[in-house]
Each structure stands twice: as structure tokens, then as C-alpha cells.
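> model this:
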Amino acid sequence: MTNISDHARLHSRALLMHDFQRYCGLELLEQEAGRCRCRLVVTPAIDNLSRCLHGGVTYAMLDVTSMLATLPLLAPDEYAVSTNMAVSILTPMPRDSIAEFQASVIRAGRRMIFTSVAAIRVGVGGAHTPFATAQISKARVRQTILVPDANGVVERAAS
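So this is what the prediction gives:
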């Protein structure tokens with residue numbers, strides 16, 4: 001992570017350490033204000049009957065990566081919730097493939113934040129092939145988030 005605020009770092013860590021993201025194997029590659037890259041490997045735990053990445057996991061990881069790009073733009077007493085999501089699945093992601101999710105904030109207004117996310121298959125030799133895209137809008141909300149640390153102790157993430 002590049003230079004982001006303490007509250008953004010705390011929220012990001014909590015989001016990445018959530019049971020679902022850990023179960024899926026999501027890994028943060030880089031994060032800065034308005035941008036984020038994450039990666040996961042398509043395993044049997046997150047594929048479907050056709051041995052490809054489950055669509056629901058794809059949607060969720062697009063949303064999580066969008067949030068990780070958004071968090072550094074929020075004030076300490078703000079959070080954001082997704083209000084709309086338009087996803088296009090372009091091609092299946094086979095088991096054992098590496099999926100990379102790249103999010104960018106298009107516009108961060110006073111009340112709404114708009115992001116664009118690309119899901120990319122990282123192939124042999126570094127080839128990058130898009131497999132899904134998303135446009136996600138988020139509403140800013142005033143909210144104090146209580147974040148558990150690795151020991152289950154709740155830290156106050158916003159004032």
C-alpha cells in the first residue's frame with residue numbers, strides 16, 4: 001500500500017481479513033487513493049460445476065476491489081456502500097487461473113462515488129486478458145466502523 005491514511009489502512013485490512021475474502025484467497029497487490037489491484041487464484045473452493053470461477057465470487061471481488069480503491073478517499077467518519085453495480089462477464093476463468101482485479105475511481109463527489117473495475121486473466125508469459133468488467137456506484141455515509149483486529153479486539157476506525 002502506498003501512502004494512505006491510518007483509517008483507510010485499518011478499514012482496508014479489516015475488509016481483506018474478512019472471512020469471505022480470506023476464503024476466496026484475495027490478495028492485495030497495490031492500493032492508493034482512487035486505485036487498487038488485487039489477485040486471487042481460481043481454486044476448487046471458488047469455482048462452479050464447470051470448473052470455472054463462480055460468477056458470484058467474481059461479482060463480490062469486483063465490489064471489494066472497488067471498495068479498496070474508494071477507502072483512501074473517505075474522511076475518518078465516512079464509509080461507503082454500494083448502490084448500483086453493472087457487470088459484464090466476458091469469458092470463463094478456468095480453475096487454477098490467476099485473476100487480477102483492477103479498480104479506479106472515476107469520480108468522487110460529495111455524496112456519490114463512481115468506480116470502474118476490470119477483471120483480468122493473467123496468463124503464461126504475462127498475457128493479460130479481460131474476463132469481466134464492472135461499473136459500481138457507492139454512496140458516502142457518515143458511520144463509525146468498529147474493526148476487529150487479528151485477536152478479535154475491536155478498534156475504533158472513525159471518530
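
> does the residue sitting furthest away from the middle of the chain count as helix, strand or coil?
Distance from the centre of the chain peaks at residue 125, with 25.2 Å (C-alpha atoms, centre = their mean). Here residue 125 is recorded as helix under DSSP: H, G, I helix; E, B strand; the rest coil.

> where does it land on pLDDT?
Predicted confidence (pLDDT) at residue 125: the value is 86.

> quick one, phi/psi of residue 38?
Main-chain dihedrals, residue 38, degrees, to the nearest 10: phi -130, psi 170.

> same check, this time on the one 4 residues further on
When read as degrees, to the nearest 10, the backbone of residue 42 gives phi -70, psi 110.

> Look up phi and psi at residue 96.
Here is the backbone geometry of residue 96 (degrees, to the nearest 10): phi 80, psi 0.

> Please apply the same query to residue 76.
phi -60, psi -30.

> pLDDT weak spots in the chain?
1-2, 144-159 (pLDDT under 70).

> biggest strand in it by residues?
If you go by DSSP state E, the chain has its longest strand at strand 128-142.

> counting contacts, what elements does that strand pack onto?
Packing contacts for strand 128-142, counted by 3 or more C-beta pairs under 8 Å, 6 or more residues apart in numbering; DSSP states H and E, involve helix 55-70, strand 78-89, strand 112-122. Every residue, glycine included, has its C-beta placed from N, CA and C.
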